[in-house]
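Enquirer: kindly return the folded structure for what I paste below:
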Amino acid sequence: MPAPEPDSTAAAPEKPSSLGRMFLKVSGLPFVLSQADDQPVGVRQFLQLCLIVLYPAWLVLMATVALIYGILWVLLWPLHSRSRGPVG
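Expert: Predicted coordinates for the structure are as follows:
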């Protein structure tokens, strides 16, 4: 009995190349709605309705996290550069 061939249509999940790209990916509406994909039809429709209602709050949360991350990155950059030592 031959071994089943792997499904060539299933793509490997992409790893975002930066934190900014990851934020953009997870704040998109298709990504948010895809969280309900594995549910039965009636439950999925209800979850997608709830996710659409909560989507504006999700965007505000993602913008706040990105802003705090950027502020901390700028404020803590001197500590980071000092701990790395001289380059060369």
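Enquirer: excluding its backbone neighbours, what's nearest the residue nearest the centre of the chain?
Expert: Taking Cα atoms, centre = their mean, the centroid of the chain lies closest to V26, which sits 3.3 Å from it. Among residues not flanking V26 along the chain, M62 sits closest, at 7.0 Å (Cβ to Cβ, 6 or more residues apart in numbering). Placement of C-beta: from N, CA and C, glycine included.
Enquirer: and for the one you found, the neighbour number?
Expert: As a burial measure, M62 scores 14 neighbours (other Cβ atoms under 10 Å).
Enquirer: that one and D37, how far apart?
Expert: 20 Å (Cβ to Cβ, to the nearest Å).
Enquirer: distance of the residue lying closest to D37 once chain neighbours are set aside relative to D38?
Expert: Distance criterion Cβ to Cβ, 6+ apart; nearest residue to D37, sequence neighbours excluded, is R44 at 7.0 Å. R44 sits 8 Å away from D38, going by Cβ to Cβ.
Enquirer: got it, and F31?
Expert: Taken as Cβ to Cβ, the span from F31 to D38 is 14 Å.
Enquirer: quick one, which of those two is more surrounded?
Expert: Shown here are F31 and D38; by other Cβ under 10 Å, F31 has more neighbours (11 against 8).
Enquirer: still on that earlier bit, now do the same contact list for the residue nearest to V26.
Expert: F23, V26, S27 (Cβ atoms under 8 Å, 6 or more residues apart in numbering).
Enquirer: where's R44 relative to L33, distance?
Expert: In this view, R44 and L33 are 9 Å apart by Cβ to Cβ.
Enquirer: for this structure, name the helix or strand with the lowest mean pLDDT.
Expert: helix 19-26 (a mean of 80; mean pLDDT, DSSP states H and E).
Enquirer: so what secondary structure elements neighbour whatever helix or strand comes next after that helix?
Expert: Once helix 19-26 ends, the next helix or strand along the chain (criterion: DSSP states H and E) is helix 29-33. The contact analysis (3 or more Cβ pairs under 8 Å, 6 or more residues apart in numbering; DSSP states H and E) places helix 29-33 against helix 41-84.
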